[in-house]
Structures are given as structure tokens and as C-alpha cells.
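1. predicted model and sequence follow; I will ask about them next.
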Amino acid sequence: MTELLCVRNLKVSLKAPSTSREGWVLRGMNLTVLAGERVALVGESGCGKSVTALSILRLLPRPPMEISSGQIEFKGRDFGNLTPEQWREIRGREIGMVFQEPVSSLNPVMSVGEQIAETLRNHSELSAGEIRARTLSLLARVGLPGPTRLRSQYPHQLSGGMCQRVMIAMAVACGPSLLIADEPTTALDVTVQTQILDLLFRMTEEQRLAILLITHNLNIVRGHADRVVILYLGLVVEEGVPDEIFDHPQHPYTEGLLAALPEVSRKGRTLYNIPGVVPSPFEAITGCAFADRCPKVEKKCRQSMPPLIETRKGHQVRCFYPSGR
Ligand SMILES: Nc1ncnc2c1ncn2[C@@H]1O[C@H](COP(=O)(O)OP(=O)(O)OP(=O)(O)O)[C@@H](O)[C@H]1O
Ligand code: SF4
Ligand SMILES: [Mg+2]
């Protein structure tokens, strides 16, 4: 499969608001998404998942953040020096986006049909009649009932799940080759969450669309993703196909994340919690960023940062003492 997105050694700095102190939210992030591939990006809160997505789309809050080094390529094209016009094209047409808050992501004073139509108008040469037909077919494809009536409704008249379906319709409207979805179900009811994730995966499969899915839902990752990337404090610490990662995790952080899953913990036992918290971006770190929380920490771990190495085919881990080796 051809490489669609390639993020190389990306470093993103963060300035403290009142002092000139500098911290790091991404500390050498590497990420590849192949054409049609479904990649899940997981990690605790504050690890840099959203910052990774925002960096790819050049939507970082600047200041306080800044891309200080690294490279982002999409279809072999360097994202480093595009014009604002080129960025508008990329964001609507080449890369679709679905964010956490569907209701606030939609325009409250425009009907949902008009919002989808506007996306199509901005990024395609379709006639008014074609846009109307396409809007109705998109609403139907994302599973919204009565598209003709729904087209003229406003976001506040719809549930959160329905709004997220509209957002997905907008994200795929112009036939992008990559979808970036940042915790697309967090704001929704538990029962609706699985439906929306299923819809996302179905749409990506139907359109042979690659997806970078940021999620806390490890169960859905196992069932649907082609590859899982585990992030800790702005660095990839483990990466591989889901069965390999779930059945043979090698990084103590991944082991901790999996042990904290209710399904994995044995019945009747208290859920495991990884001790401690993710360090602040301003904390100086010399060795392994996970050292203070790691049950296997050794002297060497505090002296230098472990490199990301391939331990089995397609399975990479950033640890001096990976499990099962
Ligand atoms: N606008 C901002 N201003 C200052 N710091 C920020 C801002 N956005 C994020 N950060 C910091 O950058 C780091 C990475 O944040 P990020 O939002 O990428 O985490 P995340 O992995 O997406 O977490 P979550 O699962 O909670 O969404 C965190 O330390 C966070 O506090
Ligand atoms: S390098 Fe050391 S501290 Fe870091 S995860 Fe591996 S064992 Fe733990
Ligand atoms: Mg986030």
C-alpha cells in the first residue's frame, strides 16, 4: 500500500503564558498512515493526541504552540510551505475532519442541508441540482432518517448523535483520502458511541478512505483498526497490529493501559490504575518519560531515552526492557 501521510520526528513546543519557559508537547513524533489504512492513536489524557492531529492540519493554537522541527508529508507533498488557499483545499477536500463536539462544530444558524451543500460548493464544481441530490444521498448514507425533512432542520433540533452523523457526512462529502477523527464519540451517550464508531469504520471501508482515529475506546480499536499507535508524553512508545499489541504488549505503559480495561481485569477485582500522572510538558526529562511510573524501571532508564525498535515484524517498542523478550 502507498504511504498517504508521513509525520517525521515532529517536535512541538509550548510557551508558558506568563514566563518565557518552554515545554514540549510533541518530542519527536513519528506516524505513518497508508492509503486506506485505519490507524488508531491512543494514550492517556495530555499525551499529545489532539496536538498531533492539529499539527497535521496546521490548526495548532499559535501561540502558545509552535512546530519547532520535523516534517509532515501528505501524498508525497511537504506540508511545510502551503499557502492559506492550498490549506483550505487540503482541509475540506483531501482530509476530512471529525471532532469531539458535534453540536458546537456545526453552525447554529444554518440548516444542516445548507451546511453540507456549502462544503460541496466550496470544494467541487457540482451544479445546484447535483449538490441537492448529493446532500440528500449523504444524509441517507450516514443513517439519518427522512433526509428530505432533515435537510432543512437546524443543529439544535437534532440529538448529539445525529449532529455527529451530519459532521461525518460533511467530512466525507468531497471524497477525501484521509479522515482525522479526534475522539468523535466522547460527547455522546454510551449507546450512541458504538453506532457512530461503526458508521465511521463502515464509511471508511466503503470509500477506501484512510482514518486516523484518536480514541480512548480500546475495545473498538481491537475490532476495527489495522494498526494501533500508543503515545506517551509526545512520543510513540509502542506500535503494531491490534492482536499483537493486545495479546503481546511489550511496553509497561501499554500493559498498564490494557490492565486498566474493565474487560481485561478479572471479575470482582478492583480495576488497575497506572500509578502517578502524565508529566507536564514543562518537566525536564532525560531518560525514559515513563520511568517515574514504571514498575520495571532500572538505572539505565533514567540515563538515556530508549529508542523505538522493532522487536517482531511490524511491532515496535520504545523500552530498554520490553516484555516477552
Ligand atoms: N491550547 C493549549 N494551551 C496550552 N497547553 C495546551 C493547549 N492544548 C493542549 N495543551 C497541552 O498540550 C499537551 C498535549 O495536549 P493534547 O490536547 O494533545 O492531549 P490529548 O492526548 O489530546 O488529551 P485528551 O485525551 O485529554 O484529549 C497537554 O499537556 C496539554 O495540557
Ligand atoms: S525504558 Fe525502563 S522505565 Fe521506560 S518503560 Fe522501559 S523499563 Fe520502564
Ligand atoms: Mg485530545
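-> Thanks, I have it. Ligands and ions are numbered 1, 2, ... in the order given.

2. need the contact partners of the lowest-mean-pLDDT helix or strand in the chain.
-> Ranked by mean pLDDT, DSSP states H and E, the helix or strand of the chain with the weakest confidence is helix 102-105, at a mean of 84. For helix 102-105, contacts defined as CB atoms under 8 Å, 6 or more residues apart in numbering pick out 99, 155-156, 160, 163-164, 166-167, 184, 187-188. For every residue, glycine as well, the C-beta is placed using N, CA and C.

3. among the residues you listed, which are located in helices?
-> 160, 163-164, 166-167 (DSSP state H).

4. ranking these by neighbours, who comes first?
-> Neighbour counts for the ones in helices among the contacts of helix 102-105 (other CB atoms under 10 Å) peak at Gln164, which has 31 neighbours.

5. let me see the ranges of the strands in this protein.
-> With DSSP state E as the criterion, the chain has strands at 3-15, 22-34, 38-42, 65-74, 77-78, 95-98, 178-182, 210-214, 227-232, 235-240, 309-312, 315-317.

6. tell me the strands beside the fifth one, with direction?
-> Here the strand partners of strand 77-78, with direction, are listed using DSSP bridges: strand 65-74 (antiparallel).

7. I'd like to know which of the strands of the chain is closest to ligand 1.
-> Closest to ligand 1 of the strands of the chain is strand 22-34 (CB to the nearest ligand atom; 4.0 Å).

8. now the closest one against strand 3-15, angle please.
-> Angle of strand 22-34 versus strand 3-15, following axes from the mean of the first three to the mean of the last three CA atoms, to 10 degrees, is 170 degrees.

9. output strand 22-34 as CSV - backbone C-alpha positions only.
-> Provided in CSV are the C-alpha atoms of strand 22-34 (Å, rounded to 0.1, in the frame of the first residue of the first chain):
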residue,chain,number,x,y,z
GLU,A,22,9.4,26.4,27.1
GLY,A,23,7.9,23.0,27.3
TRP,A,24,7.4,20.2,24.8
VAL,A,25,4.1,18.6,23.8
LEU,A,26,5.5,16.5,20.9
ARG,A,27,9.0,15.4,21.4
GLY,A,28,9.8,13.6,18.1
MET,A,29,6.6,12.1,16.9
ASN,A,30,6.6,9.7,14.0
LEU,A,31,3.5,8.5,12.4
THR,A,32,2.6,6.9,9.0
VAL,A,33,-0.8,6.2,7.6
LEU,A,34,-1.0,4.1,4.4
